[in-house]
Each structure stands twice: as structure tokens, then as C-alpha cells.
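*Asks:* let's see this in three dimensions:
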Amino acid sequence: MAKKAAKPHINLETVRNIGIAAHIDAGKTTLTERILYYTGASHKIGEVHDGAATMDFMAEEKAHGITIGAAVTQCPWNDHTFQVIDTPGHVDFTIEVERAMRVLDGAVIVMDGVRGVEPQTETVWRQASRFDVPRVIFVNKMDRPGADLDRTMAAVERRLGGHPVPICVPVPERLAVIDLVKQELISFAGDNGEHVSRGPVPEELTALLQRHRETMLIAAAEADPGLEDAVFGGEEVDEAQLWAALRKATINRKIQSVFGGSALRNWGVQPLLDGALKLLPNPLERPAAIAKVVGGADEEAFVEMSPEGDLVALAFKVQMWEGRRHVFIRIYRGQIEPGQEIRIGGRAKAERVARLFAVDAGNKKKIELASAGQIVLLAGVRWATTGDTVLSTEGPELLLERIDAKEPVLGLAVEPMSAKEEEKLTEVFEKICEEDPTVRFIDDKDTGQRILRGMGELHLQILFERIEREYGLKIRAGKPLVMTRETVAGKGRADTLVDRQLHMGQETVTLKARCVARAWARDRDAGNEERCKPKVSPPGAALSPAQLAALVSGVHDATMAGPSEGAPLQDVGVELDEVELFGEMSTPQALRIAASQAIREAIAAAGGEVLRPRMRVEVIVPDENVGSVLGDLQSRGASISGQESEMGTSTILGECSLHRLLGYATDLRSMTRGRGQFTMEFARFDVG
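*Replies:* Numbers count the residues shown, from 1 in each chain. Below you'll find the model as predicted:
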């Protein structure tokens, strides 16, 4: 019987759980600082370039001037509450965006008005689309030369497949925006743009207003046929009905409403807040979460957002805070309080919540109750980790959709500065791996080395800095080791006879079996395929269940590593065609050995190929340096897919193997006298 819910202390209709996401240096943390200031959640604006941003509270974030971990905060606005997650823009920390998007109800995608859609913009857009997150767009830095709202919206359509609809159009020369709904000019004054005033749109801006308003009205009419007569008949459109149509289209992900401005120059942020409130959904307006019922033979259950009923929540982040383990959860149903016993779905683990906190960036505040729709922090929880479903002790056992983490692509051999700290090294890295699912720490049995794997050079550098600061452990690291995969170049066949004797004490056992196997290359990213339905000889012979299971195991054993470097196999098909039995000598052990050996020989005959991480790259350089930078990229084996030039700056797009890009940021700075910028994102494992 479900526990009767306590009186909820939060009205879900007044809540907006939103994330701020963008390509690095588009200005999302600068925007978040203004949001905190204008809503009264912060009494001063902290600038990223001064290392004083509220949301960048980690020492490494202040030192590097970038966001590393997703930070959660709350702020009030017009009798509503925004629960905001500021996410990293650097691709090495994309897991932070992935797990934030998993638990959000809406997102603000920030774009640079000059650069428009950038590589990480595409990544965060895909992440939002994967979880069906409604979004609005803030085109930032519209005060800079070369900023162009129309070009940015065209790029959203062309590169992201979006449908951008303007709501507030920036007027840079006036440091103002045109409100297309009210048809008013919004101006900003005061030291920090805190004074907002509205007035009529000047005559010289009427054409700009009418052009963009028509786009907005047509989008609204498509969402609400009741507006068609007024829109296409040139009649006055009811403002409330217009907002309702835009809201419906945004929540249904048919459009992405666009706002313009400059966060650093303090204009355009308050209209964005108003728009996010009116357009993005509250928790009750999101579809019910779908969960699998444990032991229910693929049975699914719908988890409606409600404070009533048994607790269902998702643990989406583990964080070591003041040396102690804490877990962020998003509650989908029910309530939770300190001292409550919880269980981990599918893991037969039960534990008790010691304390419950609301989070404001780097600060936490004790609370006594949390309800559906909230994002809170649990302390005293030992077993819950990223992607786990947190449940009450009563009710069915459910599993919410987990959070997928990409495999790391770069590794370093690591060891402590002192042999006395070997045990501490292992303990520290176990904690780090709990916090970050994209980190792996393994013992290489062949070399005796300990390998730390991550998403890139910056990712690993930040980890080392954190470990030294938080745990007082200095680490010595070797040269970067790029993770590889293996595949085969063509087709191969093997006919293998195993005939060996095992001495078991005073008894000698003969193992004998023959297997014929094939191996072939599959399309890239098609995955591996294993077939094991062999023809059996001599005539009349048949495989027992134990023998068949042994053959399947042998086939699988052989596909664990490739023939060239022993790396995991990828995109390979294998099949066991024939099996010849030799009476009692063809034991399950003999068959497993024969099957494994035959498959390995077939793979070797097909010709092993090493696959290395292939990265999508974007390089931004002054026009005068394009020739030397292109030549350098081509010398590294890069394939160039595009080049654009505007306002004296060129953007080069392409792909290149990761091992050829190690240290490239330093080389680029040298070639461009510090003016070049470079970003890369994992694309796939491929030859080259």
C-alpha cells in the first residue's frame, strides 16, 4: 500500500526546470549570471573572465575560465521558480550535458551571433532532441561586428533541422530589442541593464518589425488554425491566443522561439526570461516517464509527474562534496525526506537517506521534504550511481531510462609520486569514476601499468588538477595513449583441428574436435555479428545442450580481441560453419577451444585492421593564416569538408584521427600568433 503523500510544498505549475547549453565561449555562463542577478537570486554579477562567476564555483573552472561540471541553482521570476542547470560547452565534458538533458523539461540554447551554429551546438541540439526537450534559442553577442540574426536562424534550419521563429529581435545600435508580440521596443538602462522600459517602435524600424512579425504569426497560425483568419486577413491578433499558440508549438517541438541580445552588455535577458516562462513547459506538461517493470517480460509502466504515490526518481549525477559522497536526483513521482529508506531499482540494494539538500551552485541548504518535479541532492547514499532508479520500499520495482556515457578515447599511464600512495591512488580513482561515467581506470595486465582513460587532453588535465587539490595526491603521467578498436579488411576462412592431451594427475585426457569458421568485414558502425548454427558430422551425430553452449562461448571468446593489437573487435561478422565430433573426446571443453581457435584463425585470415578515433574538427583562424593551417591539417591526414570566410576570419571544418591531433592546440597558437581556435568532437572509430 502506497504511503500517503505529505502536503506538497511546491506548485508544479509555477516551476520551470531548464538547462542553459551551448558551444564553448558562446556565453552561457555569462547569460546565467545575468539571470541570477535580474531574478534577485544573486546581488552582483560575476564575470567568467574575472573567475568570479557564481555557477563556475570549482577552482579549476575559475582557473581555466570554462564550465566543467553542470551546476544547479534556483531563482524566482514573476511568481514562478526557475530551476536552472548551467552546462559545460567543451566537448570533453559532454556527459554533463547528456545527464542534464535527461532530467530537464526545457532548454535555452545559446548561440554566438557571429559564429552561429558551431560543432558543440550540434551536439547539444542532438542531446536535447534525443530526450525530446523543448527549447528556445538566445542569439548572444549581437553587439559584435558581424553578428547576424538572420544568418544564425538560417544555419539552425540548414544544419540542425530546426524551425526558428523570432520573438524578440535585437537592435544593436540602440542596445534594445523589438518585442514582436506586443510590437514594442524594449530598452535597457542602469549600470547592469536592470531598468527595462517599453515604448513604440520607431518608424525606421517598422520594416524590421513587420518582416519578422509575419514569420512569427505564420508559425502561430500553423499551430492554432483558429488564428488563420486573423493572421492571413491582416486583422489584429489576440495577444493571449498568440502566446498560447507559440507555447503549444514550442512544447510540441515544432518550433524554437528565438530571442536576441548581448548578455555581457546586459540587454535582451529579461525578455528571454519572460519568454522562457511563457513558452517552456512546467513538469506537469511533459509526457509521463516510461519505466520498465523488473521481471515483467518487457512490461512498461507510465510514471505520471505527481507528488502522490510511491517514490520514483532518477539518480543522474554523483558528486564528492566536501569529501563526502552526494547524489543528485530528479523526482518523477512521490516525495522524499531525510531518514527515508529507499531501494535501487534492479540492484537489490536498500539504504537510508541521511540528509536532503536544495542546491545553489556551490552551496547546499538542508531541506526536510522534496516532491515530484524537483532536483535535489541526497547525502548518506552509498550505492546509487549515475542512471540508477531510486524507489521507495513499497510498490513495483521500476527502471527508468538510463543515461548512456560515451566510451573514453584517450588514455594515460599513471602512477603516484610515492610508492606509499598506491592504495590511495586506487581509492581516489574509484571515486572519480563514480562521479564521471566517461572515465575508466584499469590495470593493464600485459604491461603492469595503470591506465586512466578519458574524453580528451583537457578532460585528463582537469582530473589531475582536481585530484591534487581535493585529495592531496600528485600523479605522474606517461605519454597519451589513444584508444583503438580492430576490424577486418575482407573475408577469411579457417579449418581447425584440436587434438591435444591434458594430464590431470595420473590420468591423461584426450581432447579432440574440428571446427570450420568464416569471418568477414561489416559496414562501419554496424556492430559485430556472431552466428553459431553449424553443420555437424559425422552423419547422425548431434550436439548436446552443453556442447552447443560451449561452441557459443568459444565463438564469443574469440571476438573479444583483434589479431593486430588485441584491441576490442568492431564491425566484424563471424560464423561457425561446421563441427566434427570424435565421440567422447569431443567434450564441451574441446569444442570451446576448437571453436575459439577456428574463429581467431578466420579473423586473422581476413586481415586485421586497426581503427583509431576519428574526430570532427572546427578550426577558426584569421584569413591570413588559412594557407598554413590547411597545409598543416592535410599533413596530419585530415580530410577537409568545408570552409567559410567572413569578417576576416575563416572557419575550417573537417575530420582527422585523434592521435594526429595530440598537442595541436599548442601548434595552432604558434601558427596564428595565439589567434586561432580549435575544437574537436568524437565522430567514430575508423581506419587511418
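*Asks:* all strands of the stretch 501-650 of the chain, in order?
*Replies:* Taking DSSP state E, counting those that start in this stretch, the strands of the stretch 501-650 of the chain run over residues 507-521, 529-537, 572-581, 608-622, 639-646, 649-657.
*Asks:* hmm, I typed the wrong one, I wanted the stretch 1-150 of the chain.
*Replies:* Assigned by DSSP E, counting those that start in this stretch, the strands in the stretch 1-150 of the chain fall at 15-22, 71-77, 80-86, 106-112, 135-140.
*Asks:* please report how far Gln83 lies from Val110.
*Replies:* 18 Å (Cβ to Cβ, to the nearest Å). Yep, even glycine has a C-beta here, placed from its N, CA and C like the rest.
*Asks:* who has more neighbours out of the two?
*Replies:* Taking neighbours as other Cβ atoms under 10 Å, Gln83 and Val110 compare with Val110 leading, 26 against 23.
*Asks:* mind pulling up the pLDDT for the more buried one?
*Replies:* We have a pLDDT of 95 for Val110.
*Asks:* ok, it touching Asp25?
*Replies:* No - using Cβ atoms under 8 Å, Val110 is not in contact with Asp25, being 10.3 Å away.
*Asks:* which ones are touching the nearest residue to Met153 once chain neighbours are set aside?
*Replies:* Counting by Cβ to Cβ, 6 or more residues apart in numbering, Met153 lies nearest to Pro164, which is 4.2 Å off, once chain neighbours are set aside. Neighbouring residues of Pro164 by Cβ atoms under 8 Å, 6 or more residues apart in numbering: 137, 153, 156-157, 255-258.
*Asks:* just grab the bridge partners of Pro164 for me.
*Replies:* Beta-bridge partners recorded for Pro164 (DSSP bridges): Gln256.
*Asks:* look up the pLDDT of it for me, please.
*Replies:* At Pro164, pLDDT is 97.
*Asks:* please report how far it lies from Leu399.
*Replies:* Taken as Cβ to Cβ, the span from Pro164 to Leu399 is 36 Å.
*Asks:* repeat for Thr679
*Replies:* 35 Å.
*Asks:* again with Gly608
*Replies:* 38 Å.
*Asks:* buried stuff in stretch 491-501?
*Replies:* 492, 494, 496, 498 (16 or more other Cβ atoms under 10 Å).
*Asks:* please apply the same query to stretch 414-431.
*Replies:* For stretch 414-431, a neighbour-count test (16+ other Cβ under 10 Å) marks 414, 416, 421, 425, 428-429, 431 as buried.
*Asks:* contacts for that stretch, please.
*Replies:* 320, 325, 439, 441, 449-452, 467, 471, 473-478.
*Asks:* between the residues you listed, which has the most around it?
*Replies:* Tallying neighbours with other Cβ under 10 Å puts Leu452 at the head of the contacts of stretch 414-431, with 25 neighbours.
*Asks:* tell me the pLDDT of it.
*Replies:* So Leu452 comes in at 87 (pLDDT).
*Asks:* can you check Ile137 too?
*Replies:* pLDDT at Ile137 comes out at 97.
*Asks:* lowest-confidence helix or strand of the chain?
*Replies:* helix 59-64 (a mean of 66; mean pLDDT, DSSP states H and E).
*Asks:* point to the residue nearest the middle of the protein.
*Replies:* The chain has Glu98 as the residue nearest its centroid, 2.6 Å off, counting by Cα atoms, centre = their mean.
*Asks:* ok, so of the contacts of stretch 414-431, who is nearest Gly309?
*Replies:* Arg325 (27.8 Å; Cβ to Cβ).
*Asks:* helix, strand, or coil at that closest one?
*Replies:* Three-state call for Arg325 (DSSP: H, G, I helix; E, B strand; the rest coil): strand.
*Asks:* the strands in the stretch 251-400 of the chain, which residues?
*Replies:* Ranges of strands in the stretch 251-400 of the chain, per DSSP E, counting those that start in this stretch, are 256-260, 289-293, 300-303, 312-321, 324-333, 335-336, 341-344, 349-352, 355-360, 363-366, 370-371, 375-379, 389-392, 398-400.
*Asks:* now those strands in a markdown table, with mean pLDDT?
*Replies:* Converted to a markdown table, the strands of the stretch 251-400 of the chain look like this (pLDDT from 0 to 100):
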| stretch | mean pLDDT |
| --- | --- |
| strand 256-260 | 96 |
| strand 289-293 | 90 |
| strand 300-303 | 90 |
| strand 312-321 | 88 |
| strand 324-333 | 91 |
| strand 335-336 | 94 |
| strand 341-344 | 93 |
| strand 349-352 | 88 |
| strand 355-360 | 88 |
| strand 363-366 | 86 |
| strand 370-371 | 91 |
| strand 375-379 | 91 |
| strand 389-392 | 93 |
| strand 398-400 | 91 |
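*Asks:* as JSON lines, the ones you listed with distance to Leu277 would be great.
*Replies:* Putting those into JSON lines (distance: least, Cβ to Cβ, whole Å) gives the following:
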{"stretch": "strand 256-260", "distance to Leu277": "12"}
{"stretch": "strand 289-293", "distance to Leu277": "23"}
{"stretch": "strand 300-303", "distance to Leu277": "26"}
{"stretch": "strand 312-321", "distance to Leu277": "24"}
{"stretch": "strand 324-333", "distance to Leu277": "20"}
{"stretch": "strand 335-336", "distance to Leu277": "25"}
{"stretch": "strand 341-344", "distance to Leu277": "33"}
{"stretch": "strand 349-352", "distance to Leu277": "38"}
{"stretch": "strand 355-360", "distance to Leu277": "20"}
{"stretch": "strand 363-366", "distance to Leu277": "24"}
{"stretch": "strand 370-371", "distance to Leu277": "21"}
{"stretch": "strand 375-379", "distance to Leu277": "18"}
{"stretch": "strand 389-392", "distance to Leu277": "29"}
{"stretch": "strand 398-400", "distance to Leu277": "27"}
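*Asks:* lovely, talk soon.
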